[in-house]
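Undergrad: My questions are about this predicted structure, shown below with the sequence.
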Amino acid sequence: MSLRFWLLKCEPEAYSIADLERDGKTGWEGVRNYQARNLIRDGMQVGDGVLFYASNARPSGVAGLARIVAPAYPDATAWAPGHAYADPGSTPASPVWYAIAVGFVERFADVVSLETLKATPGLEAMMVTRKGSRLSVQPVSPAEYAIVVRLGRGRR
DNA sequence: GCCAACGTTGGC
DNA sequence: GCCAACGTTGGC
């Protein structure tokens, strides 16, 4: 199966591309939206490319690249007592929520801002450029991924 | 901090 | 199953 591409959103205050660079890889946990869950559990494969998107940032935008480094696994934070993302509906025997392991690839010298994404031909259909798109896990086409990588590396 | 857009919840 | 109320997201 050929590689797929994704956009993952996170607020830098919670976890930034610099944190991922430091850690090398991280568990992308705490997703509590069914559409996003389905993409993680059913769509992501090891080796897939990830646009690391910083939301609620100045500016918001794609801060770098990552890669899926392990298959999806049940999100144990759902049944961790007192955890901020605890969900009594999800149990080890019957997990509802899934997480994915993401590895650092590259940090862009400059964030490719949402404003730039919106203004770049070829990205009109990209979910993140559409008004009101709140999904924290989004599919990205190979062509869109290539365009954003080019923007991030400063070549036009 | 504001608030529009969206997803979820729950009464009926 | 409808839909109003509510909570959250996220750009600005």
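TA: Alright, I've got the coordinates.
Undergrad: Pull the number of nearby residues for the residue of chain A found nearest DNA strand C.
TA: Distances from chain A to DNA strand C, computed as C-beta to the nearest atom of the strand, single out A:Ser60 as the nearest residue at 3.4 Å. Placement of C-beta: from N, CA and C, glycine included. When neighbours are counted by other C-beta atoms under 10 Å, A:Ser60 registers 19.
Undergrad: Could you do A:Ser136 as well?
TA: 20.
Undergrad: show me what contacts it?
TA: By C-beta atoms under 8 Å, 6 or more residues apart in numbering, the residues touching A:Ser136 are A:Leu8, A:Lys9, A:Cys10, A:Val31, A:Asn33, A:Ala36.
Undergrad: Likewise for A:Gly103?
TA: Counted by C-beta under 8 Å, 6+ apart, A:Gly103 has contacts A:Gly24, A:Lys25, A:Ala66, A:Arg67, A:Ile68, A:Val69.
Undergrad: Also A:Gly152?
TA: Applying C-beta under 8 Å, 6+ apart, one finds that A:Gly152 lies in contact with A:Val62, A:Gly64, A:Leu65, A:Glu106, A:Phe108, A:Asp110, A:Val112.
Undergrad: ok, these vs A:Pro81, which is closest?
TA: Checking these against A:Pro81 by C-beta to C-beta gives A:Gly64 as the nearest, at 34.1 Å.
Undergrad: buried stuff in the one helix or strand that closest one maps to?
TA: Element membership for A:Gly64 (DSSP states H and E) is strand A:61-74. Residues of strand A:61-74 classed as buried by neighbour count (16 or more other C-beta atoms under 10 Å): A:Gly61, A:Val62, A:Ala63, A:Gly64, A:Leu65, A:Ala66, A:Arg67, A:Ile68, A:Val69, A:Ala72, A:Pro74.
Undergrad: cool, stretch A:146-156 as well?
TA: Those would be A:Ile147, A:Val148, A:Val149, A:Leu151, A:Gly152, for stretch A:146-156 by 16+ other C-beta under 10 Å.
Undergrad: Tell me which entries of those lie within helices.
TA: A:Ile147, A:Val148, A:Val149, A:Leu151, A:Gly152 (DSSP state H).
Undergrad: Quick one: name the residues of chain A near DNA strand B.
TA: A:Asn33, A:Tyr34, A:Gln35, A:Asn56, A:Lys131, A:Gly132, A:Ser133, A:Arg134, A:Leu135 (C-beta under 7 Å from any atom of the strand).
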